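[1] sequence? don't have it. structure:
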């Protein structure tokens, strides 16, 4: 599929027209361990690519999640507040953090394809 | 990426076991220690409260003080700590602290009087891994020449904690079943000498087992074969002790905190409060009479966001009144919990406070500890 892109900080973003759904990758969730708290982005927030977009906490530590693309948050996954473990169980599906209305499609050029991300993971 | 520039970390005798079990190893107090196994911290924590968790705590420091008789050795140690050691019964264990002249804490320790008549005059002391070199130097410097200080770096230490710990360990050493909490005995498991105390750092019933480093792998393998036993890493060790309201040196205890501020004055027995004879007595006497300036308290955030070490605590008016010293998520509590120091005026249980997390004031409440009831063996 050509519509999912990845960042070096282990965020993914799945593109559907103008809308980008983002979260953290399976690699990120396994590195974090059990997720106990997620602070999803606020609806209406204007995110900038690379800036802090969300917070995900494991038992031991809090980690920042960076916006893979710029745009307005049109939806956030409030369900993660009650069941943060969803991020571990299905990080790239039900564990999504937010949906962004893309403000600059060319930003995707800076991101990795799935194949590039897999190659990148093998170097870690 | 491996940091090749840092000093090589030490390994406990169970390093190979941790790696074989798939542990994620992290540096802690100069040692490569398992922070978790593939099971993960939440599962390991819950398992310990339901079954029996096995911890490698061999990084901690063990030593013996040997004098001509119990009272001689006890009085020598009493010159450095505020606990009553003279009146320890054979096989009895106490929690205490090495204090500084101004009443601060160098380390917290466990002291055990040997149960064996032929070892009268012997005290066993267990100290934290991060402080052990300084603690041993402190003892060597201050103990009179009549007391021998014997370090035993060849001894490993295991902890077996949880409601099933007693029934498991009793399969190997039946006498452990009836040991009182905070007592110790020497026995053999599979022909190997072990020193066992009924104590721990989880808030549950359990034991700590000192054994020769050449034999610890055999014992650990044996215990892990029992269906009730799983290996537990340092991550869960920390979440367990946090829920249990127990202090961690370097967080709740340091050179600036007194045992009274830390709310562990229960470990200073009456005789010592009256007689003194330990460093920092003036400050402790004053704080016991007038109250300390600040107190260690439990803190319960209202929402689901954890508040971690270093988080500022504010009163309703926005004034800083304290700081979080340990905080995280309590798996048994199923919510965030924290400990910290606040100005005494704001330390009453039920006091509403704010925790400044990522620049936002999150509501919280001062609460009693433990967060999860302790289940020490009461007979």
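    Right, received. Where do you want to start? As the structure is a prediction and not an experimental result, all values here were calculated from the model.
[2] ok, which stretches of chain B are helices?
    Remark: helices assigned in chain B by DSSP state H are B:15-20, B:41-50, B:70-78, B:132-142, B:165-170, B:216-225, B:234-243, B:270-275, B:281-290.
[3] Can you tell me which of those is most buried?
    Among the helices of chain B, judged by mean count of other C-beta atoms under 10 Å in any protein chain shown, the one packed with the most neighbours on average is helix B:234-243 (a mean of 25). For glycine as for every other residue, the C-beta is placed from the backbone atoms N, C-alpha and C.
[4] That one to helix B:41-50, inter-axis angle?
    Relative orientation of helix B:234-243 versus helix B:41-50 (axes from the mean of the first three to the mean of the last three C-alpha atoms, to 10 degrees): 60 degrees.
[5] ok, and what's touching helix B:234-243?
    Helix B:234-243 has contacts (C-beta atoms under 8 Å, 6 or more residues apart in numbering or on different chains) with A:33, A:59-60, B:26, B:28, B:33-36, B:41, B:44-45, B:48-49, B:53, B:55, B:161, B:201-204, B:248, B:326-333, B:337-339, B:370-372.
[6] Excluding chain neighbours, what is closest to residue 61?
    Defaulting to chain A. Using C-beta to C-beta, 6 or more residues apart in numbering or on different chains and skipping the chain neighbours, the partner closest in space to residue A:61 is residue B:308 (7.7 Å).
[7] The chain in question should be chain B.
    Per C-beta to C-beta, 6+ apart, closest to residue B:61 is residue B:132, 2.9 Å.
[8] picking up where we left off before, would a markdown table of the helices of chain B with distance to residue B:116 be doable?
    As requested, the helices of chain B are exported to a markdown table (distance: least, C-beta to C-beta, whole Å):
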| stretch | distance to residue B:116 |
| --- | --- |
| helix B:15-20 | 30 |
| helix B:41-50 | 31 |
| helix B:70-78 | 12 |
| helix B:132-142 | 22 |
| helix B:165-170 | 20 |
| helix B:216-225 | 21 |
| helix B:234-243 | 30 |
| helix B:270-275 | 25 |
| helix B:281-290 | 33 |
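[9] Turn those into JSON lines, including mean pLDDT.
    Below are those laid out as JSON lines (pLDDT from 0 to 100):
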{"stretch": "helix B:15-20", "mean pLDDT": "98"}
{"stretch": "helix B:41-50", "mean pLDDT": "98"}
{"stretch": "helix B:70-78", "mean pLDDT": "98"}
{"stretch": "helix B:132-142", "mean pLDDT": "98"}
{"stretch": "helix B:165-170", "mean pLDDT": "98"}
{"stretch": "helix B:216-225", "mean pLDDT": "98"}
{"stretch": "helix B:234-243", "mean pLDDT": "98"}
{"stretch": "helix B:270-275", "mean pLDDT": "98"}
{"stretch": "helix B:281-290", "mean pLDDT": "98"}
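[10] Between those helices, which one is closest to residue A:41.
    helix B:41-50 (25.2 Å; C-beta to C-beta).
[11] pLDDT weak spots in chain A?
    A:1-2 (pLDDT under 70).
[12] Can you tell me how far the closest residue to residue B:76 other than its chain neighbours is from residue A:42?
    Nearest non-adjacent residue to residue B:76, counting by C-beta to C-beta, 6+ apart: residue B:147, 4.7 Å away. Going from residue B:147 to residue A:42 by C-beta to C-beta, to the nearest Å gives 64 Å.
[13] Between those two, point out the one with more neighbours.
    Just comparing residue B:147 and residue A:42: by other C-beta atoms under 10 Å in any protein chain shown the higher neighbour count belongs to residue B:147, 19 against 11.
[14] Just to check, the more buried one is in contact with residue B:73?
    Yes. The pair residue B:147 / residue B:73 is scored as a contact, 5.9 Å apart, by C-beta atoms under 8 Å.
[15] shared neighbours, those two?
    With C-beta under 8 Å, 6+ apart, residue B:147 and residue B:73 have common neighbours B:65, B:66, B:67.
[16] Just put the residues you listed in TSV and tack on pLDDT.
    Rendered in TSV, the data for these read as follows (pLDDT from 0 to 100):
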residue	pLDDT
B:65	98
B:66	98
B:67	98
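[17] And the helices in chain A, which stretches?
    Going by DSSP H, chain A shows helices at A:26-32, A:79-82, A:86-89, A:114-122.
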